[in-house]
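In: Coordinates only, no sequence provided:
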Ligand code: THU
């Protein structure tokens with residue numbers, strides 16, 4: 001994964017963030033996931049008056065890709081407007097692990113600050129399909 005790809009992924013997540021439906025938290029998030037073939041799928045958080053139905057940006061991006069038949073991913077980026085970079089929430093970490101495997105996860109803010117960590121570090125000893133056998 002070269003830097004240009006990561007930059008492009010962050011830009012895609014930033015653009016997706018502008019579409020966030022977050023009237024309750026006012027906390028807008030954008031995400032972009034890249035497939036092995038180089039396609040980018042984006043998502044934003046989508047809230048609901050019944051708060052628990054809220055869907056995070058990361059899951060929207062991944063579910064869009066999965067629903068289009070994508071199966072292999074190289075990396076994912078998450079963008080929020082915070083000084084301390086916003087990492088994916090717990091449920092999103094589980095979903096990233098299930099569908100993307102051990103990919104690098106890049107967090108970024110609107111001012112060029114970024115950090116990248118492997119999902120394995122964000123979700124150590126993950127529960128997954130191996131345990132169901
Ligand atoms: N949110 C995301 O979309 N992704 C994250 O990784 C953290 C949280 C959203 C959910 C909710 O709409 C808002 O941010 C505040 O929690």
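Out: Arrived safely, thanks for sending. Just so it is clear, the structure is predicted and the values come from calculations on it, not from any experiment. Residues are numbered from 1 along each chain as shown.
In: Name the residues that touch stretch 53-67?
Out: With contacts defined as CB atoms under 8 Å, 6 or more residues apart in numbering, stretch 53-67 is touched by 13, 16-17, 20, 24, 29-33, 35, 39, 41-48, 73, 76, 78, 88-89, 91-92, 95-96, 99-100. Using the backbone N, CA and C atoms, a C-beta is placed for each residue, glycine as well.
In: Spell out whether it and the ligand are in contact.
Out: Yes - Stretch 53-67 lies within reach of the ligand by CB under 6 Å from any ligand atom, at 54, 56-58.
In: Adding distance to residue 117 and neighbour count as columns, could you present those residues in CSV?
Out: Output for the residues of stretch 53-67 next to the ligand, formatted as CSV (distance: CB to CB, whole Å; neighbours: other CB atoms under 10 Å):
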residue, distance to residue 117, neighbour count
54, 24, 14
56, 17, 21
57, 17, 29
58, 14, 28
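In: Can you classify the residue sitting nearest the centre point of the chain as helix, strand or coil?
Out: For the chain, the residue nearest the mean C-alpha position is residue 58 (3.2 Å; CA atoms, centre = their mean). Three-state call for residue 58 (DSSP: H, G, I helix; E, B strand; the rest coil): helix.
In: on contacts alone, who are the packing partners of the longest helix along the chain?
Out: Secondary structure of the chain per DSSP state H: the longest helix is helix 3-17. Contact here means 3 or more CB pairs under 8 Å, 6 or more residues apart in numbering; DSSP states H and E; on that basis helix 3-17 packs against strand 29-35, strand 40-44, helix 57-67, strand 73-80, strand 104-108, strand 114-118.
In: Within the sheet, what are the partner strands of the last one, with directions?
Out: Using DSSP bridges, the neighbouring strands of strand 114-118 in the sheet come out as strand 104-108 (antiparallel).
In: Sticking with the residue lying closest to residue 102 once chain neighbours are set aside, tell me its helix or strand.
Out: Distance criterion CB to CB, 6 or more residues apart in numbering; nearest residue to residue 102, sequence neighbours excluded, is residue 120 at 5.0 Å. Assigned by DSSP states H and E, residue 120 belongs to helix 119-122.
In: Buried residues, that helix. List them.
Out: Neighbour counts over helix 119-122 (16 or more other CB atoms under 10 Å) mark 119, 122 as buried.
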